[in-house]
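Student: Prediction below, plus the sequence it came from.
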Amino acid sequence: MIGLKMDFLQSMFSLKRAHKRAVSVTIDSLFLCVAFWAALLVRVDDVNVLVNSQYWLLLILVVPLSIIGFIKFGLYRAVLRYMGLQALTAILLGVIISTIALVLIAYYTDAQLPRTVPIIYAAFALVFVGGTRAMVRSLVGSGMKRNGEPVIIYGAGVSGRQLVMALVQSHEYYPFAFVDDDEAVQGSVIQGVHVHSPSIIKKLIKQKAATKVLLAIPSASRSRRQEILLQLEPLSVQVLTLPAMADLVSGNKLYSDIKEVEIDDLLGRDSVTPRQDLLTANIKDKVVMVTGAGGSIGSELCRQILKQAPKKLVLFELSEFALYAIESELTATAIELGLTVRILPMMGSVQKENRVQAVMEAFGVQTVYHAAAYKHVPLVEHNVVEGVRNNVFGTLYTARAAIKAKVETFVLVSTDKAVRPTNVMGTTKRMAELVLQAFAKEKHSTRFCMVRFGNVLGSSGSVVPLFRKQIANGGPVTVTHPEITRFFMTIPEASQLVIQAGAMGKGGDVFVLDMGKSVKIVDLATKMIRLSGFEVKNELNPDGDVAIEFTGLRPGEKLYEELLIGDDVTGTEHERIMTANELYLSWANYSAILDKLDLACHEFDHERIRAILLSTPTGFAPTDGICDLLFQQREKISGTKKNVVNFVL
């Protein structure tokens, strides 16, 4: 019987919107007629009233006026399955208007209507028009939302209610319980779902064998989200979350677009609202150029720069595909935002000074964000010459081109790995910083500064996407060392801080971003496994789902990252940006070192390159020998030849 009812309701819901409204109007008209005659019969207790022409005339006039009232109050715009306060208000006001119309028409037509009939009529109308809607909505909810995987929704606010409505339409999930910190709503029933205290969430999970918790708190701070995630982590349930409130409000995302919990929520770090004056200082109505525009940092810099309405945005990138991707994205964004920014995709390498200079001069570049670099530690260890060429000389040539093109501001995107480096990549980035520090003391019109920060979530080479992939494949999750730690920051926050720091530079500044607390990578891996709904497999829990394996430190990898070479650091006008006062070389002294390094790279003399890197005041303290693959192969071939000669002799 219930199945037949549900089939009928489903067929009704499948009608076109106009047809459903016509059906609703017809049914409501019948309900008002029934309410009127029922009220008369209850009061008069005489079936002869049914043939009274005065009452029929009264009814013919009242019903259309009542329906018009319902229409004006928006009753037929409300979707029955999602009937809420608006629909209830429309019903109440409509019934009041209908009752008033009944009294007035009866008075002016001299109809002999007992005084209590309008009150009884109003009660019946509310029951028929409102009660039947509530009953149908209850049937729909009970019949549809029990399909799919049982899940718990954390947050019984507006977002949680919207999420329930979205899930009702899907057979994928069945929301069987709310949990909420607000004691005022605990114990209530919202959208047919009971609200519980978070203290019994473990019991709820066992009760329905739920494997997922959906976070419906898009407006909560990151620190609050971190607290909730720490509570949920030991339960080994998969935690999914709603998109950010900004995406929901803008319409870019729907409430049904639930996704895996963001790792930055685990860090519990609330980003600081950027200062608009600093964001626009070097960008608005200016010609801005980003090198490495297609990389993870460079592309986000481009997105942030575009929002500040530069006159032109020059995208300088070596990779054809990366340049095409970011140019297409930015062009679409500019159209969407109604911006008239001219986006210029320029292919080229920062190792070709004449190309860089030609681009800067041709378009009149005023601000440069130099993000082009090789950043992957093991890859640079295996390709030392290219790492030095791109990171050191690429920065040298780009900076020199900027001086010749009379660029106003030059900002280098640096890294925490430049501090007491144990690898070639970090050393080359520190040498790139020394280039700018040396140029900053020379006479020219370009203002140089550099911004140093740690790892960013989601960048190329980040552990987060790797861990996600490994967890999805059932493990193991690979961590290089049980004690290794890293600083983390989101790419958008890092890019905004780079732009703001660049605006504060006076010349030769080394800005250091506040990265918060360092994160133990093994702890991050453990949290990701548990919040994906799995248990960590180890000696204490051999029946777990995903194991963590330690693979050993990679060539040049450090256990701990630092942001400062010394302790001489001062704050700035921005709470998340500091400036470091560090030693540097004059251009006269440094240029001689670079000349020797250039010759060593040209001759692929890896031992001399290593010696120069060690002798330059960068603090380079390698933990491995020369790991360059070309050097090792040549050494292997050379050793083989020597052995052959010795054998012949």
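Tutor: Great, that's in hand.

Student: What residues of stretch 496-508 count as buried?
Tutor: 496-505, 508 (16 or more other Cβ atoms under 10 Å). Where you see a C-beta, it was placed from the backbone N, CA and C, and this is true even at glycine.

Student: want to try JSON lines for those residues, with distance to V127, secondary structure and pLDDT as columns?
Tutor: Shown next, in JSON lines, are the buried residues of stretch 496-508 (distance: Cβ to Cβ, whole Å; DSSP: H, G, I helix; E, B strand; the rest coil; pLDDT from 0 to 100):
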{"residue": "Q496", "distance to V127": "57", "secondary structure": "helix", "pLDDT": "89"}
{"residue": "L497", "distance to V127": "61", "secondary structure": "helix", "pLDDT": "87"}
{"residue": "V498", "distance to V127": "64", "secondary structure": "helix", "pLDDT": "90"}
{"residue": "I499", "distance to V127": "62", "secondary structure": "helix", "pLDDT": "92"}
{"residue": "Q500", "distance to V127": "62", "secondary structure": "helix", "pLDDT": "91"}
{"residue": "A501", "distance to V127": "66", "secondary structure": "helix", "pLDDT": "88"}
{"residue": "G502", "distance to V127": "68", "secondary structure": "helix", "pLDDT": "87"}
{"residue": "A503", "distance to V127": "66", "secondary structure": "helix", "pLDDT": "88"}
{"residue": "M504", "distance to V127": "68", "secondary structure": "helix", "pLDDT": "88"}
{"residue": "G505", "distance to V127": "72", "secondary structure": "coil", "pLDDT": "84"}
{"residue": "G508", "distance to V127": "80", "secondary structure": "coil", "pLDDT": "84"}
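
Student: quick check, nearest of the residues you listed to I577?
Tutor: Nearest to I577 out of these is A501 (Cβ to Cβ; 5.0 Å).

Student: shouldn't the closest one be in contact with I577?
Tutor: Yes. In terms of Cβ atoms under 8 Å, A501 counts as a neighbour of I577; the distance is 5.0 Å.

Student: Which residues does stretch 377-394 contact?
Tutor: 349-351, 372-374, 417, 423-426, 428-429, 431-432, 435, 554-557, 594, 597-598, 601, 604, 606, 609-610, 624, 626-631 (Cβ atoms under 8 Å, 6 or more residues apart in numbering).

Student: Mind checking which of the residues you listed are buried?
Tutor: So, by 16+ other Cβ under 10 Å, the buried ones in the contacts of stretch 377-394 are 349-351, 372-374, 417, 423-426, 428-429, 431-432, 435, 555-557, 594, 597-598, 601, 606, 609-610, 626-628, 631.

Student: So A122 sits against G94, correct?
Tutor: No. Look at A122 against G94 with Cβ under 8 Å: they stay out of range, at 10.7 Å.

Student: neighbour-wise, which of the two wins?
Tutor: Between A122 and G94, counted using other Cβ atoms under 10 Å, G94 has the larger neighbour count: 26 against 19.

Student: overlap in contacts of A501 and I577?
Tutor: Contacts common to A501 and I577, judged by Cβ under 8 Å, 6+ apart, are 511, 513.

Student: Tell me where the stretch 101-250 of the chain has strands.
Tutor: Here the stretch 101-250 of the chain has its strands, by DSSP state E, counting those that start in this stretch, at 149-154, 173-179, 189-190, 193-196, 212-215, 238-241.

Student: I meant the stretch 251-400 of the chain, not that one.
Tutor: Going by DSSP E, counting those that start in this stretch, the stretch 251-400 of the chain shows strands at 259-260, 287-291, 312-317, 342-347, 367-370.

Student: Just send those strands back as JSON lines, with mean pLDDT too.
Tutor: Compiled in JSON lines, the strands of the stretch 251-400 of the chain are given as follows (pLDDT from 0 to 100):
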{"stretch": "strand 259-260", "mean pLDDT": "68"}
{"stretch": "strand 287-291", "mean pLDDT": "97"}
{"stretch": "strand 312-317", "mean pLDDT": "97"}
{"stretch": "strand 342-347", "mean pLDDT": "97"}
{"stretch": "strand 367-370", "mean pLDDT": "97"}
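
Student: Out of these, the one nearest A166 is which?
Tutor: Here strand 259-260 is closest among those (Cβ to Cβ), at 13.5 Å.

Student: Longest helix in this protein, please.
Tutor: For the chain, the longest helix by residue count, based on DSSP state H, is helix 17-44.

Student: What's the first helix or strand after it?
Tutor: helix 53-72 (DSSP states H and E).

Student: Tell me what angle that next one forms with helix 17-44.
Tutor: Counting by axes from the mean of the first three to the mean of the last three Cα atoms, to 10 degrees, helix 53-72 lies at 140 degrees to helix 17-44.

Student: Can you tell me what sits against helix 53-72?
Tutor: 25, 28-29, 32-33, 36, 40, 49, 76, 90-91, 93-95, 97-98, 101-102, 105-106, 109, 111-113, 125, 129.

Student: try it again with 6 Å
Tutor: 25, 29, 32, 36, 94, 97-98, 101-102, 105-106, 111 (Cβ atoms under 6 Å, 6 or more residues apart in numbering).

Student: Please point out which parts of stretch 153-168 sit buried.
Tutor: Across stretch 153-168, burial judged by 16+ other Cβ under 10 Å covers 153-157, 159-168.

Student: same thing with stretch 69-77?
Tutor: For stretch 69-77, a neighbour-count test (16+ other Cβ under 10 Å) marks 69-70, 73, 75-76 as buried.

Student: got it, and stretch 352-366?
Tutor: In stretch 352-366, counting by 16+ other Cβ under 10 Å, buried: 353, 355-357, 359-360, 363, 365-366.

Student: Format these as a markdown table; extra columns: distance to F439.
Tutor: Below are these laid out as a markdown table (distance: Cβ to Cβ, whole Å):
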| residue | distance to F439 |
| --- | --- |
| E353 | 14 |
| R355 | 20 |
| V356 | 15 |
| Q357 | 15 |
| V359 | 19 |
| M360 | 15 |
| F363 | 22 |
| V365 | 17 |
| Q366 | 17 |
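
Student: So, low pLDDT: which residues of this protein?
Tutor: By pLDDT under 70, the weakly predicted segments of the chain are 1-20, 76-87, 136-147, 168-171, 243-259, 261-271, 457-462, 562-569, 640-649.

Student: that older thread, reformat the buried residues of stretch 69-77 as TSV; add distance to R133.
Tutor: As requested, the buried residues of stretch 69-77 are exported to TSV (distance: Cβ to Cβ, whole Å):
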residue	distance to R133
G69	16
F70	12
F73	14
L75	9
Y76	11
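
Student: From Q632, how far out is I612?
Tutor: To Q632, I612 is 19 Å away according to Cβ to Cβ, to the nearest Å.

Student: Which of the two has more residues huddled nearby?
Tutor: Under the criterion of other Cβ under 10 Å, the comparison of I612 against Q632 puts I612 first, with 21 against 14.

Student: That one contacts L597, correct?
Tutor: Yes. I612 sits in contact with L597 when judged by Cβ atoms under 6 Å, with a separation of 5.0 Å.

Student: residue boundaries of the helices in the stretch 151-300 of the chain?
Tutor: Here the stretch 151-300 of the chain has its helices, by DSSP state H, counting those that start in this stretch, at 158-168, 201-208, 222-232, 245-250, 263-267, 276-281, 296-307.

Student: Tabulate those helices in JSON lines, adding columns for distance to A399.
Tutor: Output for those, formatted as JSON lines (distance: least, Cβ to Cβ, whole Å):
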{"stretch": "helix 158-168", "distance to A399": "48"}
{"stretch": "helix 201-208", "distance to A399": "56"}
{"stretch": "helix 222-232", "distance to A399": "37"}
{"stretch": "helix 245-250", "distance to A399": "37"}
{"stretch": "helix 263-267", "distance to A399": "33"}
{"stretch": "helix 276-281", "distance to A399": "20"}
{"stretch": "helix 296-307", "distance to A399": "17"}
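
Student: So for E561, which of the strands of the stretch 251-400 of the chain sits nearest?
Tutor: Minimum separation from E561 across the strands of the stretch 251-400 of the chain (Cβ to Cβ) falls at strand 367-370, 21.3 Å.

Student: what packs against that closest one?
Tutor: In terms of contacts (3 or more Cβ pairs under 6 Å, 6 or more residues apart in numbering; DSSP states H and E), strand 367-370 is packed against strand 287-291, strand 409-415.
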